[in-house]
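Colleague: 3D, please:
(3 chains)
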Amino acid sequence: MTDAILRLERLHKAYGALKVTDDVSLAVEPGEFHAIIGPNGAGKTTLIHQISGLAPCDTGRILFDGGDVTRLPVHARVRRGLARSFQITSILPGFSVLENVALAVQARSGSSFRFFGDAAGETALNEAAAATLASVGLRGRAHVPAGQLSHGEKRQLEIALALATEPKLLLLDEPLAGTGHEEGARLIAMLRGLKGRYAIVLIEHDMDAVFSLADRVSVLVYGRIIATGTPEAIRANPEVRTAYLGEEAA
Amino acid sequence: MADTLDAPISAAVRPKPVLRAHLLPLGLFLAFALVPLVAHYGGEGYVLSIITRVMILGLAALSLDLILGFGALVSFGHAAFLGLGAYAVGILMAHGVEEAGPQLAVAVGGSALFALVTGAISLRTKGVYFIMITLAFGQMLYFLATSLSAYGGDDGLTLPTKSLVFGSDLLERGLVFYYLVLGCLVASYALCRSIVASRFGRVLRGTRENPVRMQAMGFDPLHYQLGAYVIAGALCGLAGFLLANQTEFVSPAYMTWQRSGELIVMVVLGGLGTLHGAIIGAAAFLILEELLSGVTEHWKMIFGPMLVLVVLFARGGILGLARGRSRD
Amino acid sequence: MTTTLLFVQTLNGLQFGLILFLIAAGLTLVFGVMDFVNLAHGVQYMVGAYFAAAFTAYTGSFLYGLLLALPATLAFGLLLEVLVFRHLYDRDHLDQVLATFGIILFLNQGVKFVWGAAPLFVPVPDALSGSIQIMPGLLYPVYRLAIIGAGLGVAALLYVLVNHTRVGMLVRAGATNAPMVSALGVDIRRLFMVVFGFGAMLAGFAGGMVAPILSVEPGMGDNLLILAFVVIVIGGIGSIRGAFIAALLIGLVDTLGRGFAPALLRVVLDPGDASQTGRAVAPMLIYILMAAVLFFRPSGLFPVKR
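Modeller: Purely as a prediction, here's the structure:
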């Protein structure tokens, strides 16, 4: 039995009397595709914030790749291989698509405390960035200012940026949010391509995508995980049906 | 139109001809270089003096643009480094150290150290708190200077001579000093240009746009902002050294918060985040000050509203107007 | 003797702190409700002093002078709001700093233009002149006691206004979440004008009150402005209560520090060094205090926004 790459141990987070994360424990295996679903307001994004380091948990531990990252800042976790994409697109709109990714590559390629030399012309960085762009299907838009991309393309860039940090685990926060049918299908195909190569934790509302991609699914309701299992098991779980899928079944 | 997958990616990255982007700053430095020749034909001492001051404060403004324009760090205490550099000269002179070398080392090194310490504290804050804390540190230095009665206190200290270069009074020669200042300005500009385009500069610019994204890439924004802050402080310390030598006088008035405000005005007036804009802004500010004060002693009543109008309608500064649109 | 000196300095510190509070109250509200960095608030104080001086000279009575200065300062503040400030609410702080800096330049020169550079003289009103004996051996100027009284009175008035009136409730709500208040249908523009005008009047009142005891001269508001910002940062932006406590704290620390630092330092240093160091450290105390507060409480002592 392989050691879990991500282990959440009894995470708690509350805003006053409101418990947004209520005793959450979870283990994700290397290469596993794990989806987290739940009704709006269940605390999914807050949970991702705690795993990635953007928000502190009140109590509990987060173990990643054998190390305790609970009190580490975001950038330290990224350097250990814990990458995320954002629900609300967070890119560098003034830079070209290529430079966005090249910066992410730069973070892994030696020191950035270099004051001389033209960073934008560094071939090694640019070629690695171009390869990552190709893997998400954005190679043709490399020189467009990132702010001018379509919404779906920006979502692709989000994933490219996460991939460029050479992660061991990807936290994807609603990558399909706001995409149309075609763009969504493209993203799903790309995610399928990533399956197995990285551990992936996916938050998504698109049930077709979730059930076709996930190895296991966890259901988060009012900050608490009410069920974890294979997609079929979750589909059949009566508690889940009432709490969540019951609304969707209509 | 997508470029083909096998075309080398780097070749397509730099489409702009390099020379054109540098035309304006090159022209500016050339103009500075030619001033002594033109001034020879009238008002020599006066014009040289003004333009030297423009270049020195242009250097100070340039250093501020590095952190303000490229790092979005609104430092309201930047004049403190001018004071540090100047007082390095003044204090050392008062103790018999008249050589430029050690004075320069203390001016630049001391400023860098002050920037490191105060930056490490200030950069833990954001927004208006950062503005206030940088202001506070500037004020602390100001009050420290006013209390140093051994070095003139409030009234300041007159220097016996300009800094000596290996025992010689080379800097007393007007042209020598002028071209030294120009040289420092050009070198600093080249350094800043290089920094901005470098790996370090790219992280800094990225942090200005989206600090959360930079963290998500694995960068600790604090390290890069602090690095820029130290470099900016050191360069401004150099400007302070030159200022003390030009005026042969050091005083706490060099580091009031109003002075820091004027430096910000210069940078924005010329064009934030352009580097040479800061120099143009310093020139515009100082020349405007000269011209307007010749017209009326109440020239600030014209300048104040002008500044308001610039902020409201010409946010990109002079360079923005020249480009025909405001910089975002 | 030292106890008397301590008492006098404490009263002075209290008086200074209350003046600071009057200035800081308007500043913290404007910043809290409108997210507007108003460097020009210091010149509002200065303009109040000049109006009070001018009207006192015109009417021959300080009371009338002060009473006339209040609406004049209000009108002046509203004029600035309409002409300049309301166009800056949506801009970033840098733009606000620069524009208000321009206003400072304009007005500092403007008063010099109208009234000259020499300080104006405002006589202490007869009814409040002289000193009274507070304790054996302690004489304290009546007028300064009047300032303390007025300051406390205005603080009480503000407390009532902010906590027990509808407008005050809107202001408190606006300081916590202005967009929400606007979304609830409140005319946020009008609220801004009220906040701004009232803050300007408070600052002007402070200026008028100190006119008899301080120099009414160009630039008199500049250093107080910096201190007012220190006050609101320490107190917590948007909080009147925070401004009150922080202002008193700073008034006392600054006055007592300047008065007693050299004496205290004589415990560890010889008199010459103690005096020198004391004079250097005293003005820095407030900034050290601010840095310390920000270190432990980055949002100030009584932050309003979460």
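Colleague: Pull the number of nearby residues for A:Ile200.
Modeller: When neighbours are defined as other CB atoms under 10 Å in any protein chain shown, A:Ile200 has 23 of them. Just so you know, the C-beta spots here come from the backbone N, C-alpha and C atoms, and that holds for glycine as well.
Colleague: ok, now which ones touch residue 175?
Modeller: The chain I'm using is chain A. Neighbouring residues of A:Pro175 by CB atoms under 8 Å, 6 or more residues apart in numbering or on different chains: A:85, A:155, A:158-159, A:187, A:191, A:202, A:204.
Colleague: Not quite, go with chain C.
Modeller: C:Ala175 neighbours (CB under 8 Å, 6+ apart): C:29, C:32-33, C:238-239, C:304-305.
Colleague: In chain A, mark out all the strands, start to finish.
Modeller: Assigned by DSSP state E, the strands in chain A fall at A:6-15, A:18-28, A:33-37, A:59-64, A:67-68, A:82-85, A:169-173, A:199-203, A:216-221, A:224-229.
Colleague: quick one: contacts for residue 229?
Modeller: Just going to use chain A. So A:Gly229 contacts A:216-217, A:237 (CB under 8 Å, 6+ apart).
Colleague: other chain: chain B
Modeller: Applying CB under 8 Å, 6+ apart, the residues near B:Tyr229 are B:67, B:71, B:73, B:75, B:115-116, B:119, B:122-123.
Colleague: And the furthest pair within the residues you listed?
Modeller: B:Gly71 and B:Leu116 (15.5 Å; CB to CB).
Colleague: who has more neighbours, those two?
Modeller: B:Gly71 (24 against 15).
Colleague: what's residue 55 in contact with, if anything?
Modeller: The chain I'm using is chain A. A:Ala55 neighbours (CB under 8 Å, 6+ apart): A:13, A:46, A:49.
Colleague: wrong one, I was asking about chain C
Modeller: Counting by CB under 8 Å, 6+ apart, the residues that C:Phe55 touches are C:64-66, C:68-69, C:72.
Colleague: before we move on, the earlier item: quick one, which of the contacts of B:Tyr229 are buried?
Modeller: B:67, B:71, B:73, B:75, B:115, B:119, B:122-123 (16 or more other CB atoms under 10 Å in any protein chain shown).
Colleague: Next, format those as CSV and append secondary structure, pLDDT and distance to chain C.
Modeller: Shown next, in CSV, are the buried ones among the contacts of B:Tyr229 (DSSP: H, G, I helix; E, B strand; the rest coil; pLDDT from 0 to 100; distance: CB to the nearest CB, whole Å):
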residue, secondary structure, pLDDT, distance to chain C
B:Ile67, helix, 95, 12
B:Gly71, coil, 91, 12
B:Leu73, coil, 93, 10
B:Ser75, coil, 95, 11
B:Ala115, helix, 97, 16
B:Gly119, helix, 94, 13
B:Ser122, helix, 89, 9
B:Leu123, coil, 91, 12
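Colleague: what element comes up after the helix or strand C:Val82 falls within heading to the C-terminus?
Modeller: For C:Val82, the host element (DSSP states H and E) is helix C:62-83. Sequence-wise, the next helix or strand downstream of helix C:62-83 (DSSP H and E) is helix C:93-115.
Colleague: which parts of that following helix are buried?
Modeller: C:93-113, C:115.
Colleague: who touches the nearest residue to B:Val250 once chain neighbours are set aside in this structure?
Modeller: Among residues not flanking B:Val250 along the chain, B:Gly90 sits closest, at 3.7 Å (CB to CB, 6 or more residues apart in numbering or on different chains). Shown in contact with B:Gly90 (CB under 8 Å, 6+ apart): B:151-152, B:157, B:159, B:244, B:250.
Colleague: mind showing which ranges of chain B have poor pLDDT?
Modeller: B:1-21, B:41-44, B:325-328 (pLDDT under 70).
Colleague: Same check on the stretch 51-200 of chain C?
Modeller: Looking at the stretch 51-200 of chain C by pLDDT under 70, you get an empty list.
Colleague: now the helices for chain A?
Modeller: A:44-52, A:74-79, A:97-106, A:123-136, A:151-164, A:181-194, A:207-213, A:231-236, A:238-240, A:246-248 (DSSP state H).
Colleague: do the same with the stretch 51-200 of chain B
Modeller: B:79-94, B:100-122, B:127-147, B:174-197, B:199-209 (DSSP state H, counting those that start in this stretch).
Colleague: who wins for neighbours among the contacts of A:Gly229?
Modeller: A:Val217 (26 neighbours).
Colleague: ok, so what distance separates it from A:Ile226?
Modeller: As judged by CB to CB, to the nearest Å, A:Val217 and A:Ile226 stand 11 Å apart.
Colleague: Can you tell me the closest non-neighbouring residue to the residue in the stretch 151-300 of chain B that chain C sits nearest to?
Modeller: For the stretch 151-300 of chain B, the residue closest to chain C is B:Lys300, as judged by CB to the nearest CB, at 3.9 Å. Nearest residue to B:Lys300, sequence neighbours excluded (CB to CB, 6+ apart): C:Gln109, at 3.9 Å.
Colleague: pretty sure the one you found is touching B:Ser293, no?
Modeller: No. Contact criterion CB atoms under 8 Å: C:Gln109 and B:Ser293 do not qualify, at 11.1 Å.
Colleague: Would you mind getting the angle between the lengthiest helix in chain C and helix C:93-115?
Modeller: For chain C, the longest helix by residue count, based on DSSP H, is helix C:2-34. Using axes from the mean of the first three to the mean of the last three CA atoms, to 10 degrees, the direction of helix C:2-34 lies 120 degrees away from that of helix C:93-115.
Colleague: buried set for the next helix or strand after helix C:2-34?
Modeller: Counting by DSSP H and E, the element after helix C:2-34 in chain order, helix or strand, is helix C:41-59. Within helix C:41-59, the residues that count as buried by 16+ other CB under 10 Å are C:41-56.
Colleague: what's the angle between helix C:41-59 and helix C:62-83?
Modeller: Relative orientation of helix C:41-59 versus helix C:62-83 (the same axes, to 10 degrees): 140 degrees.
Colleague: if we can go back for a sec, out of the helices of chain A, deepest packed?
Modeller: Highest mean neighbour count among those (mean count of other CB atoms under 10 Å in any protein chain shown): helix A:97-106, with a mean of 28.
Colleague: any idea how far it is from the chain center?
Modeller: 18 Å (CA atoms, centre = their mean, to the nearest Å).
Colleague: Relative to chain C, which of the contacts of A:Gly229 is nearest.
Modeller: A:Val217 (33.9 Å).
Colleague: which residues touch stretch C:187-202?
Modeller: For stretch C:187-202, contacts defined as CB under 8 Å, 6+ apart pick out C:22-23, C:25-27, C:29-30, C:33-34, C:41, C:44, C:70, C:73-74, C:76-78, C:80-81, C:85-86, C:89, C:154, C:167, C:170-171, C:174, C:178, C:181-182.
Colleague: ditto for stretch B:186-196
Modeller: A:115-117, B:25, B:29, B:59, B:62-63, B:65-66, B:70, B:201, B:204-205, B:228, B:231, B:235, B:238, B:275-276, B:279.
Colleague: ok, and for it, which residues are buried?
Modeller: Neighbour-count burial for stretch B:186-196 [16+ other CB under 10 Å]: B:186, B:188-189, B:191-196.
Colleague: could those go into TSV alongside distance to C:Ala261?
Modeller: Below are the buried residues of stretch B:186-196 laid out as TSV (distance: CB to CB, whole Å):
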residue	distance to C:Ala261
B:Val186	46
B:Ser188	40
B:Tyr189	44
B:Leu191	42
B:Cys192	42
B:Arg193	47
B:Ser194	47
B:Ile195	42
B:Val196	45
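Colleague: quick one: contacts for C:Pro303?
Modeller: C:Pro303 neighbours (CB under 8 Å, 6+ apart): C:236-239, C:242, C:297.
Colleague: Might you quantify the distance of the longest helix of chain C from its chain's geometric centre?
Modeller: Put simply, helix C:2-34 sits 7 Å off its chain's centre (CA atoms, centre = their mean).
Colleague: Same question for stretch C:92-104.
Modeller: So, by CA atoms, centre = their mean, the centroid of stretch C:92-104 is 19 Å from its chain's centroid.
Colleague: Need the three-state assignment for the spatially closest residue to B:Leu269 that is not a sequence neighbour.
Modeller: Spatial nearest neighbour of B:Leu269, excluding adjacent residues (CB to CB, 6+ apart): B:Gly281 at 3.9 Å. Of the three states, B:Gly281 takes helix under DSSP: H, G, I helix; E, B strand; the rest coil.
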